[in-house]
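Engineer: my questions concern the predicted model and sequence given below.
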Amino acid sequence: MAQTLEAIKYSNGELYVLDQLQLPHLTHFDKVTTIQDGHAAIKEMKTRGAPAIAIVAALSLAVDLQNRYNLGEFDSTSSAVEFVRQSLEYLKTSRPTAVNLFDAAKKLWLIVEERAKIASSSLDIVDTYVKAAETMLEEDVKDNKNIGAHGAKFILENSKSSKVSVLTHCNTGSLATAGWGTALGIIRDLNQSGSLKHAYCTETRPYNQGSRLTAYELVYEKIPSTLVCDSMVSALLRQNPDITAIVVGADRVAANGDTANKIGTYQLAITAKYHGVHFIVAAPSTSIDLTTKCGADIVIEERPAKEVVQVTGAIVGAQVTSDSVPRETVQVAAHGINVWNPSFDVTPANLISCVVTEKGAIVKKGSDEEFDIASFLSA
Ligand SMILES: CSC[C@@H](O)[C@@H](O)C(=O)COP(=O)(O)O
């Protein structure tokens, strides 16, 4: 089986981030040396996907801190601590919806704040922060593999057939995480065990994470798969009773199970319910925000109108080299039309069959058919 793709390369204090705006045409890594580079990569969506956003933010501060320490910029322990605090606040302003970034910033700050009570030098603070950020990178791949295994088990246990077809939305794979992926990790797991009949991925308008990124991952790993436009899913489910489940990721799961994910997820959940197809949310527990009671409290990012009215792609037939692919941006909508471009929507918990985390599959219990996520996580 082919190696999974990599979006984040980090070693010896150096960070390179795959520029996903160039995919699927060109593999180009940008070197990230400052928190400003990390912030821009996230805001411009060169790197995206809830777990990857958190990890790139955390590691951009790790490299920035080390560089500043080597240049002698911290004259005291408290100056290093203050730099960490301000940098985490700044990184949190890059994108608002995915909770993983806020969760990571909170955990990293708590570790540094605790260490600051006994640290005798700025180096101690730098080392403590860097180690904590590196641990997040390592943990994410482990968590994704567990999500993949739990999700595949849930689907197979709830299917009449030993080989299943599934549909996914947006990109939740190696490109959206430190590796392997969440919802796409479930597809990988099913494929690896010979239990996947076919995977379908949506285009995921307007930003096309499905056709540009998920399709790229599926083709790269030779997973049997088909791309459909977002508007084709209901027709596909009606025509193809083999599709057992729709699996999606999450940017934030509220305490009651309401889930913010890529725009278009909600309509998939409605059609899944109508067609009797399992609707599965796959996410690390770091995507669960128990402080947000329900979906109405989740801040939904709105993106620029140009992402809807324009399309950028490689020019068909143009001369391609290993480091450049001629690309063109064209206007596809009528000039002057008003645009609404929310990047995410909220799927109510009552449309979700199960939330799969690295700790297992959370299903609804009792006659009121509600998730008890807090008890599951604390068990
Ligand atoms: C494992 S990634 C989960 C989600 O972050 C994913 O489904 C998604 O909505 C990504 O949105 P994006 O705008 O590309 O960052």
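Structural biologist: Structure's in. What do you need? Just so it is clear, the model here is predicted, and its values are computed rather than measured. Residues are numbered from 1 along each chain as shown.
Engineer: for Ser11, give the beta-bridge partners.
Structural biologist: Beta-bridge partners recorded for Ser11 (DSSP bridges): Glu14.
Engineer: what is the neighbour count of it?
Structural biologist: Neighbour count for Ser11, taken as other C-beta atoms under 10 Å: 8. (Glycine included, C-beta is placed from N, CA and C.)
Engineer: same thing with the one 4 residues further on?
Structural biologist: As a burial measure, Leu15 scores 26 neighbours (other C-beta under 10 Å).
Engineer: residue contacts, it?
Structural biologist: Ile8, Lys9, Lys31, Val32, Thr33, Gly38, Val56, Leu59, Ser60, Ala62, Val63 (C-beta atoms under 8 Å, 6 or more residues apart in numbering).
Engineer: for the stretch 101-250 of the chain, which segments count as helices?
Structural biologist: Assigned by DSSP state H, counting those that start in this stretch, the helices in the stretch 101-250 of the chain fall at 122-157, 183-192, 209, 215-220, 233-239.
Engineer: so which of these comes closest to Leu18?
Structural biologist: helix 215-220 (11.2 Å; C-beta to C-beta).
Engineer: residue ranges in this protein under the pLDDT threshold?
Structural biologist: 1-2, 366-368 (pLDDT under 70).
Engineer: need the nearest residue in space to the residue nearest the centre of it, chain neighbours excluded.
Structural biologist: The centre of the chain sits closest to Gly49, judged by C-alpha atoms, centre = their mean, with a distance of 2.6 Å. Of all residues beyond its chain neighbours, the one nearest Gly49 is Ala176 (2.3 Å), with distances taken as C-beta to C-beta, 6 or more residues apart in numbering.
Engineer: circling back: wait, the residue nearest to the centre of the chain sits on Leu175?
Structural biologist: Yes: judged on C-beta atoms under 8 Å, Gly49 makes contact with Leu175 at a distance of 6.6 Å.
Engineer: thinking again about what came up before, quick one: residues contacting the residue nearest to Gly49.
Structural biologist: Ala7, Arg48, Gly49, Ala50, Pro51, Ala52, Cys170, Thr182, Leu184, Leu213, Gly249.
Engineer: give me the common contacts of Gly49 and Leu175.
Structural biologist: Residues touching both Gly49 and Leu175 (C-beta under 8 Å, 6+ apart): Ala7.
Engineer: residue of this structure closest to the ligand, please.
Structural biologist: Proximity of the chain to the ligand (C-beta to the nearest ligand atom) peaks at Gly249, 2.8 Å away.
Engineer: so what's the residue count around that residue?
Structural biologist: As a measure of burial, Gly249 has 31 neighbours, counting by other C-beta under 10 Å.
Engineer: surely it is in contact with Ala50?
Structural biologist: Yes: look at Gly249 against Ala50 with C-beta under 8 Å: they come within range, at 6.9 Å.
Engineer: residues from the chain in reach of the ligand?
Structural biologist: 48-51, 98, 170, 172, 176-177, 182, 209, 249-251, 261-262, 343 (C-beta under 6 Å from any ligand atom).
Engineer: can you list which of those are found in strands?
Structural biologist: The strands, defined by DSSP state E, take in Asn261, Lys262 from the residues of the chain next to the ligand.
Engineer: could you identify the buried members of the residues of the chain next to the ligand?
Structural biologist: Neighbour counting with 16 or more other C-beta atoms under 10 Å marks 48-51, 98, 170, 172, 176-177, 182, 209, 249-251, 261-262, 343 as buried within the residues of the chain next to the ligand.
Engineer: go through the contacts of Leu15 and flag which are in helices.
Structural biologist: Under the assignment DSSP state H, those contribute Gly38, Val56, Leu59, Ser60, Ala62, Val63 to helices.
Engineer: with Ser94 as the reference, measure out to the fifth one.
Structural biologist: Put plainly, it is Ala62. Distance of Ala62 to Ser94, given as C-beta to C-beta, to the nearest Å: 16 Å.
Engineer: and the third one, by the same measure?
Structural biologist: According to C-beta to C-beta, Leu59 stands 14 Å off from Ser94.
Engineer: got any residues that touch both of those two?
Structural biologist: The contact sets of Leu59 and Ser94 overlap at Gly38 (C-beta under 8 Å, 6+ apart).
Engineer: of the two, who's got more company?
Structural biologist: Applying other C-beta under 10 Å to Leu59 and Ser94 shows that Leu59 carries more neighbours, namely 24 against 21.
Engineer: residues contacting that one?
Structural biologist: Ile8, Tyr10, Leu15, Val32, Gly38, Ala133, Glu134, Leu137.
Engineer: among those residues, which one has the most neighbours?
Structural biologist: Counting by other C-beta under 10 Å, top hit in the contacts of Leu59: Gly38 with 29 neighbours.
Engineer: for that residue, which non-adjacent residue is spatially closest?
Structural biologist: Distance criterion C-beta to C-beta, 6+ apart; nearest residue to Gly38, sequence neighbours excluded, is Ser60 at 2.4 Å.
Engineer: quick one, what contacts that neighbour?
Structural biologist: Residues near Ser60 by C-beta under 8 Å, 6+ apart: Leu15, Val32, Thr34, Ile35, Asp37, Gly38, His39, Ala41, Leu91.
Engineer: any idea how far it is from Ile53?
Structural biologist: Ser60 is 11 Å from Ile53, by C-beta to C-beta.
Engineer: for the nearest residue to Asn350 once chain neighbours are set aside, grab the count of nearby residues.
Structural biologist: Leaving out its chain neighbours, the residue that sits closest to Asn350 by C-beta to C-beta, 6+ apart is Glu369, at 7.1 Å. If you count neighbours by other C-beta under 10 Å, Glu369 ends up with 9.
Engineer: state the distance from Glu369 to Phe29.
Structural biologist: Taken as C-beta to C-beta, the span from Glu369 to Phe29 is 46 Å.
Engineer: close enough to count as contact, Phe344 and Lys262?
Structural biologist: Yes: using C-beta under 8 Å, Phe344 is in contact with Lys262, at 6.1 Å.
Engineer: what do the two both touch?
Structural biologist: Asp251.
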